[in-house]
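[1] Here's my sequence, what's the structure:
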Amino acid sequence: MRTLHAAMGLTVSMLVLSTAQVLAQDRSGALGKLPAELQALYTDAVEVGPSQYADFKAPPKPWRWCHSESYMGNPWRVTFNAELSRLVDAAKASGDVSEFVVSDSNGDATQQISQIRAFVEQGCSVITTIAGSPTALNAVIEDAYKAGIPVVTSAGAVMTPAAVNVMHNQNLWGYDMGKGIAAALPNGGAILQVEGISGHPLVQQENAGLDKAVAEAGNLTIARKVSGEWTGSTTKSAVLQALATTPQPIDAVWSTGSEARFIAEAFGQAGRPLPLIAASISGDALGYWNENKDTFKFTGGEVSPHVAAQNAFRVALRLLDGQKPLVNTLIAPMPKVTEADLPTWYKDCMKPDSAAIFPIPPSDPFPEELMNGYFEGGKATPAYDFAKVPASCPQ
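    Okay, the predicted model is just below:
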């Protein structure tokens, strides 16, 4: 379900550094321009530099908005695109946007390059994208920049400073999940680590975050590590196999994907006590929790397709409105979710088979006031109101 990982490829860090250490390594001085609360979202796993859009001249309204999708074949991406479309439609209704054009390369990087090049030739005002490669699109993105067309990436960075990347810090995500386990298990315990695709750069970042949290705790151990490939059925099979050959008690499962329900079902099928699960919360996991409140224990957060689309929309709209970003990679905070928060996130439509339903955070995890700090003279995004996000459950 967490297929957004496949669009990302970043420098791998083996440690989560302190803010002071990251700033010391920031030779460009870009991070020093940000407020302290934004600086804290960066680790050395994130490549960041000054924005190239300081002199960008915003085009006149109405704007032609183009979106390049690299893969629309899973519920997360479908939800992302539906939310982006809703937001742009509101801008169309207000007269700010004249047209919304979407392309889908279906996993073919060469096709995505061709589609973005067509957007440039058609004179789009802005291009948003979930890139299918961190490097393959660099040249065409630079062509867009030269043509005066800003490119805003979501759910993963590209490695050209000509883009404005809006993403989460997965290194910090893995670390925070490990810290959540440590807080819930003050006496220590054994962890089953369920990584995504083994060897993927993003997986290495997340794993490094967990390793740091375990080292800091001093009383946690990694009993086993398996690969769930960010897929529910694969995760369940991998956990079952691990439990069959790991007789020792498992106190927690760490998984940066949204497969908590599949993990819980595997423990039940194996006849093992359900441990604390650290993961990204999802509709099916909330449905499972509602039916198993006495045994389901959770800590983590959410990688929300709604929020990812909202962040990309807001940054793109600010650029079109003439605002100047201070850095080329904006880190968005993730909402943290504990077991005590689950009643607030749960809705009646969520069942154990509701894998395609993604909960809406109770409040905006990236408030406008916080986003303002990423821009010179930042001000609230026009035509955006988190309170208008449709509910998870259809009325």
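[2] Tell me the pLDDT of the residue lying farthest from the centre of the chain.
    Ranked by distance from the centre of the chain (C-alpha atoms, centre = their mean), the top residue is Pro247, with 34.4 Å. The model reports Pro247 with a pLDDT of 96.
[3] Next: the one 4 residues further on.
    The model reports Asp251 with a pLDDT of 98.
[4] Next one: it relative to Leu220, how far apart?
    According to C-beta to C-beta, to the nearest Å, Asp251 stands 8 Å off from Leu220. Bear in mind the C-beta positions are built from the backbone N, C-alpha and C, glycine included.
[5] got it, and Ala54?
    For Ala54 relative to Leu220 (C-beta to C-beta), the value is 45 Å.
[6] ok so, going back, what's the overlap in contacts for Asp251 and Leu220?
    Leu185, Gly188, Gly189, Ala190, Ile191 (C-beta atoms under 8 Å, 6 or more residues apart in numbering).
[7] Write the ChimeraX selection for whichever of these are buried.
    Buried members of the shared contacts of Asp251 and Leu220, defined by 16 or more other C-beta atoms under 10 Å, are picked up in ChimeraX with:
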select :185,189,190,191
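[8] Which one of the shared contacts of Asp251 and Leu220 is nearest to Ala213?
    Of all the shared contacts of Asp251 and Leu220, Ile191 has the smallest distance to Ala213: 9.8 Å, by C-beta to C-beta.
[9] what bits of the protein have low per-residue confidence?
    Applying pLDDT under 70 to the chain picks out residues 1-28, 395.
[10] Now do the strands in it.
    Taking DSSP state E as the test, the strands found in the chain are 63-69, 97-104, 126-130, 151-154, 163-167, 189-195, 220-227, 252-255, 276-280, 297-301, 324-325, 329-331, 336-338, 375-376.
[11] would JSON lines of those with distance to Leu240 be doable?
    As requested, the strands of the chain are exported to JSON lines (distance: least, C-beta to C-beta, whole Å):
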{"stretch": "strand 63-69", "distance to Leu240": "34"}
{"stretch": "strand 97-104", "distance to Leu240": "35"}
{"stretch": "strand 126-130", "distance to Leu240": "32"}
{"stretch": "strand 151-154", "distance to Leu240": "34"}
{"stretch": "strand 163-167", "distance to Leu240": "33"}
{"stretch": "strand 189-195", "distance to Leu240": "11"}
{"stretch": "strand 220-227", "distance to Leu240": "10"}
{"stretch": "strand 252-255", "distance to Leu240": "12"}
{"stretch": "strand 276-280", "distance to Leu240": "15"}
{"stretch": "strand 297-301", "distance to Leu240": "19"}
{"stretch": "strand 324-325", "distance to Leu240": "46"}
{"stretch": "strand 329-331", "distance to Leu240": "36"}
{"stretch": "strand 336-338", "distance to Leu240": "26"}
{"stretch": "strand 375-376", "distance to Leu240": "48"}
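[12] Which of those strands sits closest to Ala355?
    strand 276-280 (12.3 Å).
[13] Pull the closest one out as PDB, backbone CA atoms only.
    What follows is strand 276-280, C-alpha atoms only, in PDB (Å, rounded to 0.1, in the frame of the first residue of the first chain):
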ATOM      1  CA  LEU A 276       2.400  -3.600  20.100                       C
ATOM      2  CA  ILE A 277       2.400  -2.700  16.400                       C
ATOM      3  CA  ALA A 278       4.200   0.400  15.100                       C
ATOM      4  CA  ALA A 279       3.000   1.300  11.600                       C
ATOM      5  CA  SER A 280       1.100   3.800   9.400                       C
END
